[in-house]
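Enquirer: the following comprises the amino acid sequence and a computationally predicted model.
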Amino acid sequence: MENFIDGVGTLISNMTHQKNMVNCMTSILSVATLPVRVMEDFQSTYGSGGQLQDIRSDAKKEYERYYSSEEELNEQLNTFANNCMFAYCGENTVQVQIDFPSDREYNDKVASEELPLAEEFQDHLKCFIDLSKTAPKERYAMAEKLIEQLHISSNNYRSTLVERIQQEKMDIKCLQLLRAMIHNEERKLPGNWEMYPKKNKKKIQHLKQVQMALADKGALLKILPLISRDSDDLIAEVLALLAAMLYGGNEHVQDCLMDFFIGSREEMLFSAFKSRMELSAVITTERRLLEAQHKAELQKAMEMEKALSRAVIDGKTAMAAVKRHGSTASMMSIMSARGRGRIKTGRKRGQSSKSRKSAAASRPEHGQSRPAWPTPPAAKTPQKGTGLI
């Protein structure tokens, strides 16, 4: 047992592992028949009376000490990079992002998947757009390269984890570029274009032609198989591109999608849709439960605050009543004391008047002499023969 403790203790460098070892060995030693000295040595070496010790090796301590300042510098560098990214992206407006005179936001606040806000993203997008052409089919002809890249990725799934991560990032970037081609044209429409469709007929027609041009190049048929992947971010981008393709109810895109469903015999796509819908239902239910729990906690906090405010108000009212009662009682005590003082004064005055009256009655009137004190009766002498001695 002692050899096991000494052998394991010198190899542990994680505080969690050390804590588990101390708990385990404490339980074993408490029921073992080993001498008490072993338990005391174990506690003094590894437990220190219940407090864990730092038994990391000197090399690891020196390594952490040497690179501690570098880790802090890396955190500051990451913060600086994030701040620079937000500052470089610019404002979330159509005017800033695509240089089109409009006061609309480039990314809607309610949108679940946002496009990158950066000048480099728009420059990257221009590499696949022929700005010298006006017809959508010719203008977006180079978008076929992105579609073919996604088609190759859907058929060739990488084997290693590093390759899959890199391929996923490239697929997401390609999907964002394809969606930005439609999104930029949609942002050029006024915000209330649905109320005035005739007034914006040319812009709406141009948007539909862009959607049709991408659909004819296989933007649906070659990309939809990606929805069977396990990555949530990739699936979200595929669905976002599908929603952009169907924006405004493009009938040509709907027909292409219907032909794909009827003629492909791909059951994997429907199973992927089913699994995503079930997962979304579970996530929605959990989100609703969390929102209900959050609302209940807020309601409870508000009720506690109201109860506290009522208690404070009641306390203030009670204190005011106590003060009023105390002042009233003190006034009544003062009045009762004054009343008792008046009664005593009246009694004294009555007694003094009676004494004065009796003294006046005992005094003789003017011209009369004071009567003499009565003389006591003379003592009788006993007669003879009466039997008295």
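Expert: Received it, and whenever you're ready, just let me know what you need.

Enquirer: give me the contact list for stretch 154-170.
Expert: 149, 153, 222, 223, 225, 226, 229, 231, 233, 234 (Cβ atoms under 8 Å, 6 or more residues apart in numbering). From N, CA and C alone the C-beta is placed, and that goes for glycine too.

Enquirer: before we move on, what about stretch 99-107?
Expert: The contact list for stretch 99-107 (Cβ under 8 Å, 6+ apart) reads 92-98, 114-115, 117, 187-188, 190-191.

Enquirer: ok, now with 7 Å
Expert: Stretch 99-107 has contacts (Cβ atoms under 7 Å, 6 or more residues apart in numbering) with 92, 93, 94, 95, 97, 114, 115, 117, 187, 188, 191.

Enquirer: quick check: which element contains the fourth one?
Expert: Okay, so that is residue 95. Following DSSP states H and E, the helix or strand that holds residue 95 is helix 94-98.

Enquirer: any idea how far that helix is from the chain center?
Expert: The chain centroid and the centroid of helix 94-98 are separated by 34 Å under Cα atoms, centre = their mean, to the nearest Å.

Enquirer: just stretch 186-199 next, same as before
Expert: 38 Å.

Enquirer: which parts of it are buried?
Expert: Buried residues in stretch 186-199, counted by 16 or more other Cβ atoms under 10 Å: 186, 187, 188, 189, 193.

Enquirer: same check on stretch 233-241?
Expert: For stretch 233-241, burial by neighbour count (16+ other Cβ under 10 Å) applies to 234, 235, 237, 238, 239, 240, 241.

Enquirer: in JSON lines, list the residues you listed along with pLDDT and distance to residue 29.
Expert: As requested, those are exported to JSON lines (pLDDT from 0 to 100; distance: Cβ to Cβ, whole Å):
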{"residue": "234", "pLDDT": "87", "distance to residue 29": "54"}
{"residue": "235", "pLDDT": "85", "distance to residue 29": "54"}
{"residue": "237", "pLDDT": "89", "distance to residue 29": "58"}
{"residue": "238", "pLDDT": "88", "distance to residue 29": "59"}
{"residue": "239", "pLDDT": "86", "distance to residue 29": "59"}
{"residue": "240", "pLDDT": "88", "distance to residue 29": "61"}
{"residue": "241", "pLDDT": "89", "distance to residue 29": "64"}
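
Enquirer: nearest residue to residue 210 other than its sequence neighbours?
Expert: residue 136 (4.8 Å; Cβ to Cβ, 6 or more residues apart in numbering).

Enquirer: quick one: pLDDT of the one you found?
Expert: Confidence at residue 136, expressed as pLDDT, is 86.
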